[in-house]
Each structure stands twice: as C-alpha cells, then as structure tokens.
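Chemist: Below are the sequence and a predicted model; questions follow.
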Amino acid sequence: MLTNYTSTITTLLRSKRRYCTSTKYSVPTSTRLQRVYISTISDRMSNRAAFLESAKGSFVVRDAEIEELEEGEVLVRVQACAMQPADEKIAKFAMMPFEYPAVLGSPVAGVVEKVGAGVTKVSGGERVVCGTKVFSHKKAKYGGLQRFSIVDASEVVEIGDVKFTKAVTLASYTPPGALFGKSTLGMHWPTVPASPLPASEQGKKIVIWGGSSAMGSLSISYAKQAGYTVISTSSPHNFGLLKECGADYIFDHSDPATISQIRDLFPVDYWFDTISLKPTVSTIVQILAPEGKPVTKANILVLLPPVMFGNPELPEGITVQFHRFSTHAPENEGWQEHFLASGGFIEKAIKAGVLKGVPANVLGGLEKVAEGIEKLHVGVSAQKIVIEPWA
C-alpha cells in the first residue's frame with residue numbers, strides 16, 4: 001500500500017504547479033517539504049504493536065508488519081482497543097497456547113483502511129467496531145493492541161459518529177451469544193426499537209450476577225432491550241450503573257439478605273453468572289437450594305470452565321453450563337444475520353444509544369498495555385480498560 005502512495009507522489013511531483021493535488025493529498029514541491037510529506041505518509045502506514053514477547057514474558061512496543069489480507073478480511077486502522085480479563089490470563093498465566101511474540105486485545109474500533117477479496121459489507125474510510133480473531137487464531141496480525149489489525153468482515157459493525165473509545169465498551173459479542181444463542185440460554189432476540197415479548201416469554205425474569213462487570217452491564221442492557229425483567233447484583237456504589245443499564249431489581253452481592261430477597265422474586269427463568277468464580281457460583285446455588293428447603297431446578301450459565309472454580313458439587317436438579325457459542329453451529333442459524341449484519345441489531349443499538357455498558361478507562365498509548373494487564377490482574381469493576389494505539 002505504501003508503494004502505491006509513494007508512486008503517486010512521485011508522479012504528482014513532476015507537475016510545474018506549486019502544489020499538486022490528488023484525491024487525498026496536496027503535495028508540496030519544495031524538496032524539504034517533499035521529504036516531510038513522504039515521511040508523514042510512511043508514518044501513517046507504519047504499524048507499531050505491543051508484543052508479548054514470550055509466554056508469561058514482558059511487553060515490548062516496536063514496529064510490526066502489516067500482512068496481506070486474505071479473502072473476507074478487513075484491515076482496520078485501530079483508534080481504540082479494549083483489554084479483557086482473557087488478556088490478563090494469557091499474559092500472566094499462559095492460559096492458552098499462543099504464537100509468540102503475541103499481540104493481544106479485543107475488540108477494536110477504528111477506520112477501515114483496506115478490504116480483502118469478496119468483502120462488500122464495508123468499504124474504506126468507514127468508522128467501525130469489531131471483535132478480533134486473536135483468541136481463536138492466536139496470531140499477532142489479529143491482535144487489537146496495535147495500530148493496524150486484521151479482522152473478519154462478517155463481524156465488522158458500523159458505528160456512525162459514536163466515539164471509538166465508547167464503541168469498544170459495547171462491542172463484546174459474548175453477552176448476546178450467552179443470552180440469545182440456542183445453544184446457551186436461548187432467550188428471545190431483542191429488536192430496535194424494542195418490541196413486546198411473545199406470550200410464551202412474557203413476565204420471565206433473569207438473574208445476571210455481577211452486573212457491574214463489563215459482561216454483566218452489557219448483558220443487563222441486552223436482556224432489558226429484549227423485554228425481560230432483570231435482577232442483578234453489584235456493590236452498592238455501582239447500583240447507579242446497573243440502573244442506567246436497565247436492571248429492575250438490584251441487590252448487594254455481599255449482603256447475606258440477598259439470598260432471601262432474590263428468592264422472594266421467584267420464579268426466575270434464566271441464570272447467568274458473569275463473574276464465574278467459586279464464591280459466586282456457590283451463592284447462586286444457595287439461592288436455588290437453601291438449607292432445609294426444596295431445590296429449585298435451574299441451569300446456571302458461566303463464562304469459565306467449571307474446573308477453574310473447583311467443579312463444585314451441585315444438588316440434583318441444578319446444572320452449570322460453560323458458555324460455548326459458535327455462530328456457525330446449526331442451532332444458532334440466523335444469529336449472525338440478526339445481530340452482526342449490516343443494519344443488524346448491534347449496529348442499530350450502538351447508533352441509537354440503546355446499548356449501555358461500563359465507561360471506558362482510557363490509559364493512553366501502547367506503552368500502557370503492561371499497566372492495563374496489572375489493573376486487570378488486581379481486578380477492575382464498572383470500567384473497561386482501553387488503549388489508544390496512536391496516542
């Protein structure tokens with residue numbers, strides 16, 4: 001791509017006019033200014049990334065190649081990238097095998113720089129947000145913590161004039177996959193504008209444990225937009241955030257009285273633990289099966305494999321389901337079209353402002369990635385760690 005720009009400049013500089021104009025650039029004929037101009041374009045197309053040099057190693061910010069696009073891929077000039085708990089688990093504990101040096105981070109928001117063969121969903125210059133493929137493909141070119149990231153066109157969503165740093169707080173596809181996948185909770189799909197639930201779903205309730213987490217807050221927003229009654233938990237100082245996201249009932253996760261208070265709202269039809277640690281699963285089990293009382297049958301959806309929180313012994317009638325969701329699974333046919341297509345739910349919801357989530361905590365440029373990992377390691381609540389690769 002840079003070769004094409006340089007060739008264009010060379011041709012334009014042959015003009016006798018003081019300034020030569022292309023569709024994108026005005027090129028000065030002064031030799032000194034020519035050098036500055038060409039350098040500026042080189043900088044514009046040069047990639048830098050925060051590399052995790054080895055398993056459990058350190059982060060180093062350095063130049064990175066921009067690889068060629070394959071069919072169905074899009075090159076995004078990344079203006080904002082969110083950092084996830086999964087990034088911390090990989091950086092600190094090498095939780096999954098990766099190709100090193102690695103580039104982590106997802107989702108990204110930015111501007112479409114180039115599209116690969118067969119891509120018609122978006123075109124150059126459009127403002128978009130997208131989950132990255134780094135956790136499935138484990139290659140550096142797909143990570144978001146760099147200036148240019150390669151993403152899958154099928155997951156790119158236009159954002160209009162929404163700020164990049166806000167868009168990345170709303171673009172996790174885990175909540176809609178968890179709530180609305182046929183292989184997960186199978187709840188009724190939301191629309192923009194909202195429409196009434198079908199008779200079979202009217203009046204149904206969901207408990208979303210951990211409402212002030214990034215996953216929890218978005219899940220509240222999705223469930224509410226779909227028309228469900230939402231019960232959620234957090235620390236009292238985050239009650240306002242949960243209310244803004246749409247929760248109907250909010251309880252203090254550390255208050256023992258919460259167990260009986262949620263039981264008073266039975267029946268509850270859906271259970272989603274967005275924290276998915278042993279203490280949170282145990283508390284939900286206490287709600288469903290308090291000592292001396294009959295067990296309320298339920299399936300609890302969790303985001304981590306049960307082995308990671310000790311495979312708790314469960315009363316008969318209570319199951320824990322690890323969130324596994326694929327848009328390509330036959331049972332989830334139509335999900336991607338509804339949520340991720342051009343003009344689909346996520347695009348409409350972001351542009352209309354109906355999706356709510358935690359605010360962005362923008363740390364700065366790529367040199368702040370290691371700091372972001374440490375913050376995630378300590379634990380964050382009611383915020384999403386965001387990096388701006390060009391800062």
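Modeler: Done, it's in.

Chemist: which stretches of the chain form helices?
Modeler: Here the chain has its helices, by DSSP state H, at 2-12, 31-44, 85-93, 134-137, 164-170, 174-180, 214-226, 239-245, 257-263, 278-288, 335-340, 345-352, 369-378.

Chemist: For Glu99, find the nearest of the ones you listed.
Modeler: Evaluated with CB to CB, the helices of the chain place helix 134-137 nearest to Glu99, the distance being 8.8 Å. Any C-beta I mention is one placed from the backbone N, CA and C, and that applies to glycine too.

Chemist: centre of the chain versus that closest one, how much separation?
Modeler: For helix 134-137, the separation from the chain centroid amounts to 13 Å (computed by CA atoms, centre = their mean, to the nearest Å).

Chemist: what do you get for stretch 318-330?
Modeler: Using CA atoms, centre = their mean, the mean C-alpha position of stretch 318-330 is found 18 Å from that of the whole chain.

Chemist: buried set for it?
Modeler: Buried residues in stretch 318-330, defined by neighbour count with 16 or more other CB atoms under 10 Å: Ile318, Val320, Gln321, His323, Phe325, Thr327.

Chemist: Could I get the helices of the chain in a markdown table, plus columns for mean pLDDT?
Modeler: Formatted as a markdown table, those follow (pLDDT from 0 to 100):
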| stretch | mean pLDDT |
| --- | --- |
| helix 2-12 | 37 |
| helix 31-44 | 47 |
| helix 85-93 | 95 |
| helix 134-137 | 93 |
| helix 164-170 | 98 |
| helix 174-180 | 96 |
| helix 214-226 | 98 |
| helix 239-245 | 98 |
| helix 257-263 | 98 |
| helix 278-288 | 96 |
| helix 335-340 | 95 |
| helix 345-352 | 98 |
| helix 369-378 | 98 |
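
Chemist: Among the ones you listed, show me which one is buried the most.
Modeler: Mean neighbour counts were compared across the helices of the chain using mean count of other CB atoms under 10 Å; the top stretch is helix 214-226, at a mean of 27.

Chemist: Dump that one to CSV, restricted to CA.
Modeler: As requested, the backbone C-alpha atoms of helix 214-226 are provided in CSV (Å, rounded to 0.1, in the frame of the first residue of the first chain):
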residue,chain,number,x,y,z
ALA,A,214,-18.2,-5.3,31.5
MET,A,215,-20.1,-8.6,30.7
GLY,A,216,-22.7,-8.0,33.3
SER,A,217,-23.6,-4.4,32.4
LEU,A,218,-24.0,-5.3,28.7
SER,A,219,-26.0,-8.4,29.5
ILE,A,220,-28.4,-6.3,31.5
SER,A,221,-28.8,-3.9,28.6
TYR,A,222,-29.4,-6.7,26.1
ALA,A,223,-31.9,-8.5,28.3
LYS,A,224,-33.8,-5.3,29.0
GLN,A,225,-34.0,-4.4,25.4
ALA,A,226,-35.4,-7.8,24.7
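
Chemist: Taking their axis directions, it and helix 345-352 sit at what angle?
Modeler: Helix 214-226 and helix 345-352 meet at an angle of 90 degrees, taking axes from the mean of the first three to the mean of the last three CA atoms, to 10 degrees as the criterion.

Chemist: And helix 214-226, what does it pack against?
Modeler: Counting contacts by 3 or more CB pairs under 8 Å, 6 or more residues apart in numbering; DSSP states H and E, helix 214-226 packs against helix 174-180, strand 205-209, strand 229-234, helix 239-245.

Chemist: rerun at 10 Å
Modeler: Based on contacts counted as 3 or more CB pairs under 10 Å, 6 or more residues apart in numbering; DSSP states H and E, the elements that helix 214-226 packs against are helix 164-170, helix 174-180, strand 205-209, strand 229-234, helix 239-245, strand 270-273, helix 345-352, strand 384-387.

Chemist: tilt between it and strand 229-234?
Modeler: Using the same axes, to 10 degrees, the inter-axis angle of helix 214-226 relative to strand 229-234 is 160 degrees.

Chemist: Quickly note the distance from the residue nearest to Ser232 when sequence neighbours are not counted to Phe51.
Modeler: For Ser232, the nearest residue in space outside its immediate sequence neighbours is Gly211; the separation is 3.4 Å by CB to CB, 6 or more residues apart in numbering. Gly211 sits 35 Å away from Phe51, going by CB to CB, to the nearest Å.

Chemist: quick one, which of the two is more surrounded?
Modeler: In this comparison of Gly211 against Phe51, neighbours counted by other CB atoms under 10 Å, the higher total goes to Gly211 at 33 against 24.

Chemist: Can you add distance to Gly105 and give the helices and strands packed on helix 214-226 back as a markdown table?
Modeler: Converted to a markdown table, the helices and strands packed on helix 214-226 look like this (distance: least, CB to CB, whole Å):
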| stretch | distance to Gly105 |
| --- | --- |
| helix 164-170 | 10 |
| helix 174-180 | 15 |
| strand 205-209 | 25 |
| strand 229-234 | 26 |
| helix 239-245 | 24 |
| strand 270-273 | 25 |
| helix 345-352 | 19 |
| strand 384-387 | 7 |
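
Chemist: Gln225 reaches Gly353, doesn't it?
Modeler: No. If you go by CB atoms under 10 Å, Gln225 and Gly353 don't touch, sitting 11.5 Å apart.

Chemist: Would you confirm that Glu333 contacts Thr327?
Modeler: Yes. Counting by CB under 10 Å, Glu333 touches Thr327, with 9.0 Å between them.

Chemist: Show the contacting residues for Glu347.
Modeler: The neighbourhood of Glu347, defined by CB atoms under 10 Å, 6 or more residues apart in numbering, consists of Val128, Val129, Val156, Val157, Glu158, Ile159, Gly160, Val192, Phe339, Leu340, Ala341.

Chemist: same thing but 6 Å
Modeler: Applying CB atoms under 6 Å, 6 or more residues apart in numbering, one finds that Glu347 lies in contact with Val157, Glu158.

Chemist: That one and Ala153, how far apart?
Modeler: Between Glu347 and Ala153 the distance, using CB to CB, works out to 14 Å.

Chemist: same check, this time on Lys278
Modeler: When CB to CB is the yardstick, Lys278 and Ala153 sit 40 Å from each other.
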